[in-house]
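Participant: how would this look folded up:
(chains A, B, C and D)
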There are 2 protein chains.
Amino acid sequence: MEESEEASSRGDGEASSRSARTPRERYRLQVRAEVKEHAREQIAAAGASALSLNAIARQMGMSGPALYRYFSSRDELITELVRDAYRSLADTFVRTAGQEPDPTALAHALREWALQDPHRYFLVYGTPVPGYRAPDDVTVIATEIMAVLLDAWTARPVPGTGTALDAHLQEHRRWAGGHPAPAAVLRRALAFWTRLHGVLSLELAGHFNGMGLDPALLYASEVDEILGRGSTGPDRTSEG
Amino acid sequence: MEESEEASSRGDGEASSRSARTPRERYRLQVRAEVKEHAREQIAAAGASALSLNAIARQMGMSGPALYRYFSSRDELITELVRDAYRSLADTFVRTAGQEPDPTALAHALREWALQDPHRYFLVYGTPVPGYRAPDDVTVIATEIMAVLLDAWTARPVPGTGTALDAHLQEHRRWAGGHPAPAAVLRRALAFWTRLHGVLSLELAGHFNGMGLDPALLYASEVDEILGRGSTGPDRTSEG
DNA sequence: AGGCTGCGTGATAGCGTCTAACTAAATCTT
DNA sequence: AAGATTTAGTTAGACGCTATCACGCAGCCT
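Facilitator: From the prediction side, this is the model:
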């Protein structure tokens, strides 16, 4: 929760570089923050599609159109929340990597972050809106997130190279943002990302609910297997 | 596209067991189908949240409330589309498994199915609506899908058993719906599902777009690795 | 032919986004 | 301090949406 605060107070997408100079500006930022606070609650309660500026205004004791002084549209508010979510995830990763620069630690930090507020996760990785194009600074944060992953995997011993993917990744390493990691590391980090997202998003979407499975165990097992720590090796032996 | 038709015409959730007896009923089913057709187009164009009964009515040349004769609410229409999506995926799997009972074939059938209509995929595996509870017949279809996966993996040689997961899966195999597969097979099928969903959903959500990566290659590599056919073995050698 | 059933209509309530014109207060300028 | 300007908030209203209701009307069945 405090982390969410931190991220939102950091997101002063307005004129002031830090904090606020004039009282007006300070007030403005505070109202914006309060609006986002209510917005987060609404999203947590009923999903992003149910977010209503009118309802927020009511909760804050003012009348509908007043909020348009602070957010030019409902979409802008949502975009801001998406930005904050990205920012919060990136911060979590950076902080975790600072304490324990290990893929395992990142993996569990990711799940904890996601469970703290599942809808925040879906704000980042959920069903996209067809027309929507993420603003540039968001993609910058995404690259930052990738960088943490690459660092974490760089620290680990890399297996032999030569996958078909590796060649492709070597040619298209723009997304790595100038990170010097070898292709094999890119591949590992990428797989780390996609595989954790696979388990985690299915858990958050409730697809394991009816199955009686323990999501934490599932996730931990997946992490172990990604790290090569699975108690059962892959079945290349039984392969033709 | 034809497949979609097939699925929708199959979904006669009404009174008639097959086709339609009376002319009235036939008319009713046809209108329902036409409504769903327009709904699918709208969802493909602007996502499920933008679906509007009013707009559909306009497109069909009738006035808003008329549609409530056919669907009691917007939610019911969406639920119906979700059901159709599940049905369509299950049919695709069953058909594919009938022709080529191999996980690889299923994997690529899944991606093709998803690419045919990405929003249909998200109808099944996308961001959930907080209050929403899937109807029972949908979970039945989900079990059917799982059964196809289990069959496909049963046909393959299984690696040694003994993962921590295996014990858990052995105790909670209710979701397997009475399928006799050993725990190791359950584990493989589950990983198959979560890992493919990981790559595929990120592709469909456009998260690879800004990266310049080739999603098809990524997916194929993941499939290869799941099957143990990766040109690079996992790095248990380099593991401490 | 007559009665029932079900289809489609317009009217209406209620909620949502968002614009526009206006008031009032705070801030800036001189 | 007084006036000019900027900004916050208001109400009114246009417009779209879901959903209900009462009504007319056609098709269907006996």
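Participant: tell me what the top helix by length along chain A is packed against?
Facilitator: Once chain A is assigned using DSSP state H, the helix that runs over the most residues is helix A:74-99. Packing contacts for helix A:74-99, counted by 3 or more C-beta pairs under 8 Å, 6 or more residues apart in numbering or on different chains; DSSP states H and E, involve helix A:2-10, helix A:23-46, helix A:103-116, helix A:118-125, helix A:136-154. In this view, the C-beta of every residue, glycine as well, is placed from N, C-alpha and C.
Participant: please repeat the previous calculation with a cut-off of 6 Å.
Facilitator: Other elements packing on helix A:74-99 under the criterion 3 or more C-beta pairs under 6 Å, 6 or more residues apart in numbering or on different chains; DSSP states H and E are helix A:2-10, helix A:103-116, helix A:118-125, helix A:136-154.
Participant: of the ones you listed, which is nearest DNA strand C?
Facilitator: Relative to DNA strand C, the nearest member of the helices and strands packed on helix A:74-99 by C-beta to the nearest atom of the strand is helix A:118-125, separated by 16.5 Å.
Participant: give me the helices and strands touching the closest one, please.
Facilitator: Contacting helix A:118-125 under the criterion 3+ C-beta pairs under 6 Å, 6+ apart are the following elements: helix A:74-99.
Participant: domain parsing for chain A?
Facilitator: What the record gives for chain A is the domain set A:2-72, A:76-226, from automatic domain parsing.
Participant: that older thread, ok, the longest helix of chain A near DNA strand D or not?
Facilitator: No - remark: helix A:74-99 sits outside contact range of DNA strand D, by C-beta under 7 Å from any atom of the strand, the gap being at least 12.7 Å.
Participant: from the chain's centre, how far out does that helix sit?
Facilitator: Computed by C-alpha atoms, centre = their mean, to the nearest Å, the chain-centroid distance of helix A:74-99 equals 6 Å.
Participant: could you dump the domains of chain A to JSON lines with mean neighbour count?
Facilitator: Conversion of the domains of chain A to JSON lines gives the following (neighbours: other C-beta atoms under 10 Å in any protein chain shown):
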{"stretch": "domain A:2-72", "mean neighbour count": "15"}
{"stretch": "domain A:76-226", "mean neighbour count": "19"}
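Participant: and those domains, which one is worst for confidence?
Facilitator: Taking each of those in turn, the one with the lowest mean pLDDT is domain A:2-72, at a mean of 82.
Participant: what residues does chain A have near DNA strand C?
Facilitator: Within chain A, the positions lying close to DNA strand C (C-beta under 7 Å from any atom of the strand) are A:22-24, A:51-55, A:64-65, A:68, A:72-75.
Participant: do that again at 6 Å, thanks
Facilitator: Residues of chain A lying close to DNA strand C by C-beta under 6 Å from any atom of the strand are A:22-24, A:52-55, A:64-65, A:68, A:73-75.
Participant: would you mind identifying the next helix or strand past the helix or strand in which residue A:170 is found?
Facilitator: In the assignment (DSSP states H and E), residue A:170 maps to helix A:164-171. Secondary structure here is assigned by DSSP H and E; on that basis, the next helix or strand after helix A:164-171 toward the C-terminus is helix A:183-204.
Participant: next secondary structure after that next one?
Facilitator: The helix or strand immediately downstream of helix A:183-204 is helix A:215-226, counting by DSSP H and E.
Participant: that next one vs helix B:183-204, what angle?
Facilitator: 90 degrees (axes from the mean of the first three to the mean of the last three C-alpha atoms, to 10 degrees).
Participant: that older thread, which among the helices and strands packed on helix A:74-99 is found nearest to residue A:207?
Facilitator: Closest to residue A:207 of those is helix A:118-125 (C-beta to C-beta; 12.8 Å).
Participant: quick one: contacts of the closest one?
Facilitator: Under the criterion C-beta atoms under 6 Å, 6 or more residues apart in numbering or on different chains, residues A:43-44, A:82, A:85-86, A:114, A:204, B:127 lie in contact with helix A:118-125.
Participant: and if you look at stretch A:135-150?
Facilitator: Residues from elsewhere that reach stretch A:135-150 (C-beta under 6 Å, 6+ apart): A:83, A:86-87, A:90, A:93-94, A:97, A:177, A:179, A:181, A:189, B:210.
Participant: tell me which of those residues is nearest to DNA strand D?
Facilitator: The closest of those, once distances to DNA strand D are taken by C-beta to the nearest atom of the strand, is residue A:83, at 20.6 Å.
Participant: quick one: contacts for residue A:154?
Facilitator: A:181, A:185 are the contacts of residue A:154 under C-beta under 6 Å, 6+ apart.
Participant: at 10 Å what do you get?
Facilitator: A:101, A:179-182, A:185-186, A:188-189 (C-beta atoms under 10 Å, 6 or more residues apart in numbering or on different chains).
Participant: equivalent analysis for residue A:53, please.
Facilitator: If a contact means C-beta under 10 Å, 6+ apart, then residue A:53 has A:35, A:38-39, A:64-68, A:70-71, A:73-74, A:77 as its contacts.
Participant: how close does the residue lying closest to residue A:31 once chain neighbours are set aside get to chain B?
Facilitator: Across the structure, with C-beta to C-beta, 6 or more residues apart in numbering or on different chains as the measure, the residue nearest residue A:31 apart from its sequence neighbours is residue A:70 (5.7 Å). Here the criterion is C-beta to the nearest C-beta, to the nearest Å. By it, residue A:70 lies 23 Å from chain B.
Participant: now residue A:218: closest residue in space that isn't a chain neighbour?
Facilitator: With C-beta to C-beta, 6+ apart as the measure, residue A:199 is the residue that lies nearest to residue A:218, at 5.8 Å, once sequence neighbours are left out.
Participant: surely that neighbour and residue B:196 touch.
Facilitator: No - Residue A:199 sits out of contact with residue B:196 when judged by C-beta atoms under 10 Å, with a separation of 11.7 Å.
Participant: if we ignore the residues flanking it in sequence, what's nearest residue A:141?
Facilitator: Take residue A:141 and drop its neighbours on the chain: the residue closest to it by C-beta to C-beta, 6+ apart is residue A:86, 4.3 Å away.
Participant: could I get the contacting residues of the one you found?
Facilitator: A:7, A:11, A:120, A:123-124, A:134, A:137-142, A:144-145 are the contacts of residue A:86 under C-beta under 10 Å, 6+ apart.
Participant: export the residues you listed to TSV and tack on distance to residue B:29?
Facilitator: What follows is the contacts of residue A:86, written out as TSV (distance: C-beta to C-beta, whole Å):
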residue	distance to residue B:29
A:7	51
A:11	51
A:120	42
A:123	39
A:124	41
A:134	42
A:137	50
A:138	45
A:139	47
A:140	52
A:141	49
A:142	46
A:144	53
A:145	49
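Participant: is residue A:216 in contact with residue A:203, as I believe?
Facilitator: Yes - Residue A:216 is within contact range of residue A:203, at 8.8 Å (criterion: C-beta under 10 Å).
Participant: I am finished for the moment; much appreciated.
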